[in-house]
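Asks: got a predicted model here, sequence first, then my questions.
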Amino acid sequence: MIKRQLAIPAALVSGCLLAVTAASVGPSVLDATTSGASAIERLVDANTVGRETGFALPRFVSLASDRARVRYGPGFQYDVQWVYLKRGLPLEIVAEFGNWREVRDFEGAKGWIHHSLLSGARTAMVGPWLDALQPLRESPHLSGAVIARMEPNLIVRVSACDRMWCTIQTLDERYVGHALRSILWGVYPAT
């Protein structure tokens, strides 16, 4: 299971990081304050493209670092909410402000990350909502031979997708095959 680390303010515990699940991570300060939410709404045209890059919003990216701090707002002056500890983790960019990207993870938690910690490399996660092993097939057909079975939460590289199937590779490069698009988090249904 992928976990975040929640940063505890130094006033409470000096330099301590506590591992928590997303359910125990509260909403960001920007979500909780009207003035913060209004400022973000003014900065981004939520319908189509990011103000800074001109790329589509929302869009999927992946984590480029083994350790990435997620902040309450778009700047180093904002406190750290938690730290992601898994390179390749797929994240969805939902807003942009300067060099900062507001991201949402597979559990729905949102926060701000500096753009240098993100990569355009396409990754996905085998359905975190699933509770059974999922087949990786040799060919993009339900009758295709099963070459491996993937656990939920497994992060994979995505090469290409069609309407029903994605060509994927495990991060350790041991397996390349095809998986149903519907079992992956990190690809949109129609792109």
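Replies: Nice, thanks for sending it over.
Asks: now name the helix or strand holding residue 159.
Replies: Secondary structure from DSSP states H and E places residue 159 in strand 155-161.
Asks: list the helices and strands that strand packs on?
Replies: Under the contact definition 3 or more Cβ pairs under 8 Å, 6 or more residues apart in numbering; DSSP states H and E, strand 155-161 sits against strand 123-126, strand 165-170. Placement of C-beta: from N, CA and C, glycine included.
Asks: among the ones you listed, which is the most enclosed?
Replies: Among the helices and strands packed on strand 155-161, the stretch with the highest mean neighbour count (mean count of other Cβ atoms under 10 Å) is strand 123-126, at a mean of 23.
Asks: which residues does it contact?
Replies: 2, 60, 62, 88-90, 106, 134, 150-158, 166, 168, 171, 179, 183-187 (Cβ atoms under 8 Å, 6 or more residues apart in numbering).
Asks: quick one, which of those residues are buried?
Replies: 2, 60, 62, 88-90, 106, 134, 150, 152, 154-158, 166, 168, 179, 183-187 (16 or more other Cβ atoms under 10 Å).
Asks: quick one, phi/psi of residue 117?
Replies: phi -90, psi 0 (degrees, to the nearest 10).
Asks: for it, what are its contacts?
Replies: Residues near residue 117 by Cβ under 8 Å, 6+ apart: 63-65, 68.
Asks: where's it relative to residue 161, distance?
Replies: 25 Å (Cβ to Cβ, to the nearest Å).
Asks: got it, and residue 139?
Replies: On the measure of Cβ to Cβ, residue 139 and residue 161 end up 15 Å apart.
Asks: same deal with residue 128?
Replies: 19 Å.
Asks: which of the two has more neighbours?
Replies: residue 161 (22 against 15; other Cβ atoms under 10 Å).
Asks: on the three-state scheme, the residue nearest the centre of the chain is what?
Replies: For the chain, the residue nearest the mean C-alpha position is residue 91 (1.7 Å; Cα atoms, centre = their mean). Assigned with DSSP: H, G, I helix; E, B strand; the rest coil, residue 91 falls in the strand class.
Asks: pretty sure it is touching residue 108, no?
Replies: No - counting by Cβ atoms under 8 Å, residue 91 sits too far from residue 108 to count as a contact (11.7 Å).
Asks: roughly how far apart are the residue of the chain positioned farthest from its centre and residue 107?
Replies: Distance from the C-alpha centroid of the chain, by Cα atoms, centre = their mean, peaks at residue 143 (31.0 Å). The gap separating residue 143 from residue 107 is 34 Å, by Cβ to Cβ.
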